[in-house]
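Peer 1: Test case, fold it:
(2 chains)
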Amino acid sequence: MDFNRLRSIITRYCVGEESWVDNRTVYIGHKEPPPGAEAYIPQRYPDNRIVSSKYTFWNFIPKNLFEQFRRIANFYFLVIFLVQLIIDTPTSPVTSGLPLFFVITVTAIKQGYEDWLRHKADCSINECPVDVVQRGKVVRTQSHKLRVGDIVVVREDETFPCDLILLSSCRHDGTCYVTTTSLDGESSHKTYYAVPDTMAFRTEQEVDSLHATIECEQPQPDLYKFVGRINIYRDKEEPVARPLGAENLLLRGATLKNTQHVYAVAVYTGMETKMALNYQSKSQKRSAVEKSMNAFLIVYLCILISKAVINTVLKYAWQWSPDRDEPWYNHRTENERQRHVVIRAFTDFLAFMVLFNYIIPVSMYVTVEMQKFLGSYFITWDEEMFDEELGEGAQVNTSDLNEELGQVEYVFTDKTGTLTENNMEFIECCVDGNVYIPHAICNGQILSAASSIDMIDSSPGGYRREHEDLFFRALCLCHTVQVKEEETVDGIKRGIHQGRPTSFYISSSPDEVALVEGMKRLGYTYLRLKDSYMEILNKDDEIERFELLHVLNFDSVRRRMSVIVRSSSGEYLLFCKGADSSIFPRVVSGKLEQVKARVEQNAVEGLRTLCVAYRRLSVSEYEEACHHLTEAKLALQDREQRLAHAYDIIERDFVLLGATAVEDRLQEKAADTIESLHKAGMKVWVLTGDKMETAAATCYASKLFRRSTQILELTKKRTEEQSLHDVLFELNRTVLRQRSISGLSVDCLDFGLIIDGATLSAVLKANQEGAGAGNYREIFLEICRNCSAVLCCRMAPLQKAQIVKLIKASKEHPITLAIGDGANDVSMILEAHVGIGIMGKEGRQAARNSDYAIPKFKHLKKMLLVHGHYYYIRIAELVQYFFYKNVCFIFPQFLYQFFCGFSQQPLYDTAYLTLYNISFTSLPILLYSLVEQHVTMETLKRAPSLYRDIAKNSLLRWPVFLYWTCLGVFDAVIFFFGAYFLFDNTTFTSNGQLMTTNTQMMFGNWTFGTLVFTVLVFTVTLKLALDTHHWTWINHFVIWGSLLFYVIFSLLWGGIIWPFLNYQRMYYVFMQMLSSGPAWLSIILLITVSLLPDVIKKVLCRAMCPTATERAQSTRPCLNVEPSTIFMLSQSSSRMSF
Amino acid sequence: MMATSYSAKDEDGHITVSGPGAGTLRSKKPENTAFKQQRLPAWQPILTAGTVLPAFFIIGLIFIPIGIGLYVTSNNIKEFEIDYTGVDMSSPCFNCSQNYSWNSTRPCTCTIPFYLETPYESNVFMYYGLSNFYQNHRRYVKSRDDSQLNGDVGSLQKPSKECEPYAYHENRPVAPCGAIANSMFNDTLELFYNNPNGTKLQIPLTSTGIAWWTDKHVKFRNPGNDPNLTAAFQGTTKPVNWRRPVYELDSDPENNGFINEDFIVWMRTAALPTFRKLYRIIQKKNSMVPTLPRGNYTLEVVYNYPVRRFEGRKRVILSTISWMGGKNPFLGIAYMTVGSVCFLLGVVLLIIHHKYGNRNNSADISN
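Peer 2: From the prediction side, this is the model:
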């Protein structure tokens, strides 16, 4: 957003006039307005060039390097490398330079390639041909040469080159159809409208003769919002001003469909198009594991620095006598001698840092990235998460959060489309208390209308008859459904296939489709909208035509929509349908009580209800309404508010007609999934915009609330009776009392909370007023914490995000997951730690903004309980193991300093130092972290409570970390002193009997290091082997393969005099070591001793206090026989653990 | 297409690898392979008391005998050690150790008598040992030029700068260069058997076969193909502390120059500040007579090597060896300890397994 502000400041500065900060004036066809209207000031806008690439040919290397070294780890390794280059350090710069160079190069190549692709894409887009009208002729030009004000011709199936205002289309009604698949994933065809004054233009000449300006707001990223005004100048008349809205704006990236061509004028170009503004970076989410990893890294950095400091201090203490510092056999060079002691101490410190720097390995980052990247493929490959109907499987939009799926504590789910199918079915309607139920359709044959209406109340009468007619017409007219007449529809089919393949109903709201379909079954068929006339086929097969005058669109605040039509008899009618809460207060007559009773009954059954009302308008009333509407629509500022106000004035004094009920069935296995999540220790919150009763019914159906659940209500109804303060405190008391009573048996405590949007905002708002009220939030959180399920109804989209934020910020900082399918869930998906989108009926926006997208709600179970669990234990082991193996690796070097006069003599050869993390020990852990399954998938699915075992980052807590570090130190001490005692007071020699000669060999320092290193590699690899619970051929291959590789490499490395090396210290060292019996014996001994404590710890823990997971592992064989055992088992153990 | 080209944009400059692209796998049913579905056949071992128990007992049963064997073997090895540094006034080498200078032309000798209580039957290995001598100091370890030692003529004339400050002396390249070579051990040790009849019998010491075969034949080589070493080393100078140039180390041409075995042994830097290096081998003559019979011996030392200044010690060690090398009680003890610990743990685990295993099982059933 700063960028926007900056740009507006720049614009202001360049243009020099305040008023253009918020508005821009576009001169269509670059024609000056007629004199006297406004001063023509040519404005400067960016051209239509799209630049998505980051680098140019010239700045690639410096910029990319800069970007890469901004990462703290890379920078650290760079510093180490530079230190090695500058000062005389124990290891050659190659040891750290080579891996760093490798990582940097690979990344640079990858990014360079991506950028090259982006360049290519940019180029092809910027150079794609565009037809522009200039001086009455169509001129072909390149896309990047487009300027604001150009009139563009777009043909069918072409993509809009920039954001355009539709002037006219080849259709007579001035509409065009557009699909925005590439923008927001919605494949439905949307209708866009031309301004009536310009829609008549047919030819280039006509379009070119247009003399008009467009005033509109400065570019902003909201795809669905646009406010503007077109001023059309006719000869010597006052300019005609027409409002422009989002329905007039064709967005770059969208494609023209079913329309031969359109004329449109460019208003936003290049990087100012809404699409370009939308693709600016999203905030990065970081997983809890990553945070722990960084904390561990800091600890290790401290260890590293303290090691270096200790050694430096000891070095100077030890060197106090000159005979130790410089004995006769080991003089310094003159240069070194002349250096100041402080500089010498500092370089020594740096040298120690370099010597121990391997404790923080470069390869860990690479391995973690690889693990995440490759691991995420298992999600997309999962067959069980593939939906046949949709033809899609799960998608991974970011692989950074894989392990977070195993840490979820709160699940926030949307109701409609997520828990439920969002596949609406018309169930019944009631007119003045009389219930009509359409019969099911058989094989596409619609039963005759008369028989399908179930007359409950048979008292006939003109009044009733009239209401019935109006009711059905209202439902046929009051909607925004389109009729699709083609057989093939691109993308997802909306509406139910009706036997006749020639027509579909298409709408952004499935409810509307269900209603219109329902009406069809009751005998009233909506045919089409043609030239502002809506045609209805009524029960008697007559076509009725109504002129559509105004559509008062649906919005989630008003929760209703209206149409104003003129019937063939010339009557003005306003039909309104909407939520009961928004209709009832506006009703002046009608059978309110009966309808209300029916609505409530239906809501309890979990049906979605809508009320229908109408109002007859007199001509004068109509004109007044027209006036209000046009005025509001024309407004440039606060148009939304003015419109809302106008609607409010018009939509009143209704006559209630009746109500409808539509069923939204629960998704397959939704209840099972919720139950599993509950058992896994997650708290499930349902956030919905729906009515409380409907939502509560869904919650019961989906087993979020059980019969035993005690429901706490925190709703507007209650807070009207008592003050919010009292209600909150009372609820809190209830919860606390219950807990203190049932203290031990946690099962009895099962609360469910219902809260509505209004109360929620009161709770949250109270905080802002401060002064004592601030603890409402705390009390509310306290109540929520004790509830196993929470239902938030009547929520606005932003409130959903607020709730997520509230929980995220509470003092335990729980990991939250939000799942939803619609555009209204995007805010909460972005807010939660993990956002999951359902590829649903309400478009792809949620899926596009999510971190993971799944086809159905039921897939969440496998996603969390299986994939999340696996990813978590895999990455946890990966992180801990990496630190462990580097402690094992570096700590002996630290110990060795005490025996070599603190001279920074490395214990291992350069090749071993370099390759330890890169090749000897890297593959086993990488593959482990990809394929490990400590428990089978079936067990995980069957026993969701196993998820509790890994809750709260349990495998990466400090005690566990400490255990691993201590194990590492212990092993390092064993390696070092084991070798030390063998070398120290005895002649650790070989008599050479295994060799061809009979010499007796002496072993030097490199043999010592090689011995330690061999034990190290074997121990560390075997430790991983002990941790592996799932030995596939891959594990066998990499574990034994990397040990074999180590041996072969060592043989080769020591077997040849390497011509390019200036030292031959490793020549035959490994072979000589292997030819000595005691070396073999001590290698075996040291490996055994190093592994012993871990084995004992594992066995003892399993025997004494097994976790649920361990029980599940050991009872694995009998699982197949008695599936319920494990289930009970895990329940009992989870009870114990809490 | 635009969307995909843009989605790459919000990647920042790291190795962040974005997940599999949204569009790539669209409407493709994932393959039903064992790998992709994570259903590879697998062996799933679990470490329980029951499964680990036998392993512990087996380790115990294998390790204890090995340990005993090692310990016995190690105890059978005879070793005798004499410290001849000359720290005490009473020590025969005291004088030599006191007035020492590198340049003295007259070598200082001292004689140390000792008594072997048991006869040494097989080949006897004679070592010299140094203490507090940091051969593993970094500056020292790297102060050598392996290509020079490998016979490279270029490096002979132009030693690597790693050898500094022992690379050049009086503007002539040092051969062999470096601190290691410069500080080569140069005491001469001779062993005499004092026959009970009063005669002094010098014991023949073999000076070859003490270095690694590969070192002597591959890693170390004299420069050039010239059999005349004096000519081969033309233009170089001896290390400062040496009394003789490198081509006069031995009269035997197979043991002279860089391939002198004493030199090679010295060049293999020791791992720890207290170390031994093989000096000579006393070959067994015939099977009837022990190599070193019981009795009085005299060690004659030509005392050249100064260690007092850095508080070092010098020793001579006589030792026999076995199949497992020199005297090495540590390994045997360690094996026995670990073996018994494993065995004990096995017993403990057995108890635990019995107690908890049953309880767990019964708990499972009752639940």
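
Peer 1: looking at this, residue A:231 is in a strand?
Peer 2: Yes - per DSSP: H, G, I helix; E, B strand; the rest coil, residue A:231 lies within a strand segment.

Peer 1: okay, now it: neighbour count?
Peer 2: 19 (other Cβ atoms under 10 Å in any protein chain shown). All C-beta spots, glycine's among them, are computed from the backbone N, C-alpha and C.

Peer 1: Was I right to think it contacts residue A:215?
Peer 2: Yes - with contact defined as Cβ atoms under 8 Å, residue A:231 reaches residue A:215; the gap is 7.0 Å.

Peer 1: Can you report how many residues neighbour the residue in the stretch 101-250 of chain B positioned nearest to chain A?
Peer 2: Going by Cβ to the nearest Cβ, chain A is nearest to residue B:183 of the stretch 101-250 of chain B, at 3.4 Å. Look at residue B:183: counted by other Cβ under 10 Å, it has 23 neighbours.

Peer 1: Then residue B:235?
Peer 2: 10.

Peer 1: Just give the nearest non-adjacent residue to it, would you?
Peer 2: residue B:157 (6.3 Å; Cβ to Cβ, 6 or more residues apart in numbering or on different chains).

Peer 1: same thing with residue B:98?
Peer 2: Using Cβ to Cβ, 6+ apart and skipping residues adjacent in sequence, the residue nearest residue B:98 is residue B:86, 7.6 Å away.

Peer 1: Stretch A:334-349: which residues count as buried?
Peer 2: Buried residues in stretch A:334-349, counting neighbours by 16 or more other Cβ atoms under 10 Å in any protein chain shown, are found at A:347, A:348, A:349.

Peer 1: Quick one: the helices in the stretch 251-367 of chain B, in order.
Peer 2: Assigned by DSSP state H, counting those that start in this stretch, the helices in the stretch 251-367 of chain B fall at B:261-267, B:329-352, B:358-366.

Peer 1: cool, the stretch 51-200 of chain B as well?
Peer 2: Here the stretch 51-200 of chain B has its helices, by DSSP H, counting those that start in this stretch, at B:94-98, B:138-141, B:146-149, B:153-157, B:179-182.

Peer 1: Pick the most buried one from the ones you listed.
Peer 2: Mean neighbour count (mean count of other Cβ atoms under 10 Å in any protein chain shown) peaks for helix B:179-182 among these, with a mean of 25.

Peer 1: Send me that helix as PDB with only the CA atoms.
Peer 2: Below are the C-alpha coordinates for helix B:179-182, written out as PDB (Å, rounded to 0.1, in the frame of the first residue of the first chain):
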ATOM      1  CA  ALA B 179      59.200 -27.300  10.300                       C
ATOM      2  CA  ILE B 180      58.500 -31.100  10.500                       C
ATOM      3  CA  ALA B 181      61.600 -32.000   8.600                       C
ATOM      4  CA  ASN B 182      63.700 -29.400  10.300                       C
END
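
Peer 1: as a whole number, average confidence for it?
Peer 2: Averaged across helix B:179-182, pLDDT comes to 93.

Peer 1: what's the answer for stretch A:658-674, then?
Peer 2: Averaged across stretch A:658-674, pLDDT comes to 86.

Peer 1: Centre of the chain to that stretch, how far?
Peer 2: With Cα atoms, centre = their mean, to the nearest Å as the basis, the distance from the averaged C-alpha position of stretch A:658-674 to the chain average is 25 Å.

Peer 1: For it, buried residues please.
Peer 2: Per 16+ other Cβ under 10 Å, stretch A:658-674 contains these buried residues: A:658-664, A:666-667, A:669-671, A:673-674.

Peer 1: Can you check the distance spanned by it, start to finish?
Peer 2: Terminal residues of stretch A:658-674 lie 35 Å apart, using Cα to Cα, to the nearest Å.

Peer 1: Check what pLDDT residue A:502 gets.
Peer 2: Looking at residue A:502, its pLDDT is 53.

Peer 1: Oops, could you answer that again for residue A:1068 instead?
Peer 2: Note on residue A:1068: pLDDT of 88.

Peer 1: what's the nearest residue to it if we skip its chain neighbours?
Peer 2: Using Cβ to Cβ, 6+ apart and skipping residues adjacent in sequence, the residue nearest residue A:1068 is residue B:214, 4.3 Å away.

Peer 1: Might one say that the one you found is in contact with residue A:1067?
Peer 2: Yes - if you go by Cβ under 8 Å, residue B:214 and residue A:1067 touch, sitting 6.7 Å apart.

Peer 1: what about the two, which has more around it?
Peer 2: residue A:1067 (24 against 20).

Peer 1: Now do the same contact list for the nearest residue to that one once chain neighbours are set aside.
Peer 2: Residue nearest to residue A:1067 in three dimensions, not counting chain neighbours: residue B:219, with 5.2 Å by Cβ to Cβ, 6+ apart. Listed by Cβ atoms under 8 Å, 6 or more residues apart in numbering or on different chains, the contact set of residue B:219 reads A:1057, A:1064, A:1067, A:1068, B:146, B:149, B:150, B:212.

Peer 1: Check residue A:382 too.
Peer 2: By Cβ under 8 Å, 6+ apart, the contact list for residue A:382 reads A:393, A:394, A:862, A:867, B:30, B:37.

Peer 1: In the stretch 401-550 of chain A, what residue comes closest to chain B?
Peer 2: Closest approach between the stretch 401-550 of chain A and chain B, counting by Cβ to the nearest Cβ: residue A:402, at 8.8 Å.

Peer 1: That residue and residue A:872: what is the separation?
Peer 2: From residue A:402 over to residue A:872 the distance is 8 Å, taken as Cβ to Cβ, to the nearest Å.

Peer 1: out of the two, which sits in the more crowded spot?
Peer 2: With neighbours defined as other Cβ under 10 Å, residue A:402 and residue A:872 compare such that residue A:402 has more, 29 against 26.

Peer 1: Quick check, that one in contact with residue A:867.
Peer 2: Yes - with contacts counted by Cβ under 8 Å, residue A:402 reaches residue A:867, the gap being 7.5 Å.

Peer 1: Residues that sit against both of the two, list them.
Peer 2: Shared contacts of residue A:402 and residue A:867 (Cβ under 8 Å, 6+ apart): residue A:379.

Peer 1: distance between stretch B:293-308 and the chain's centre?
Peer 2: Offset of stretch B:293-308 from its chain centre (Cα atoms, centre = their mean): 24 Å.

Peer 1: Show me which residues of it are buried.
Peer 2: Taking 16+ other Cβ under 10 Å as the criterion, stretch B:293-308 shows B:297, B:298, B:299, B:301, B:303, B:304, B:305, B:306, B:307 as buried.

Peer 1: same question, stretch B:275-286
Peer 2: Buried positions in stretch B:275-286, judged by neighbour count with 16+ other Cβ under 10 Å: B:275, B:276, B:277, B:278, B:279, B:280, B:281, B:282, B:284.

Peer 1: Could I get the contacts of residue A:382 in a markdown table, plus columns for pLDDT, distance to residue A:127 and secondary structure?
Peer 2: What follows is these, written out as a markdown table (pLDDT from 0 to 100; distance: Cβ to Cβ, whole Å; DSSP: H, G, I helix; E, B strand; the rest coil):
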| residue | pLDDT | distance to residue A:127 | secondary structure |
| --- | --- | --- | --- |
| A:393 | 86 | 36 | coil |
| A:394 | 89 | 37 | coil |
| A:862 | 92 | 46 | helix |
| A:867 | 93 | 43 | helix |
| B:30 | 81 | 38 | coil |
| B:37 | 89 | 45 | coil |
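
Peer 1: How much space separates the residue of the stretch 401-550 of chain A closest to chain B from residue A:374?
Peer 2: Here residue A:402 is placed at a distance of 10 Å from residue A:374 (Cβ to Cβ).

Peer 1: Check residue A:1049 too.
Peer 2: The gap separating residue A:1049 from residue A:374 is 25 Å, by Cβ to Cβ.

Peer 1: Residue A:387 too?
Peer 2: When residue A:387 is compared with residue A:374 (using Cβ to Cβ), they lie 24 Å apart.
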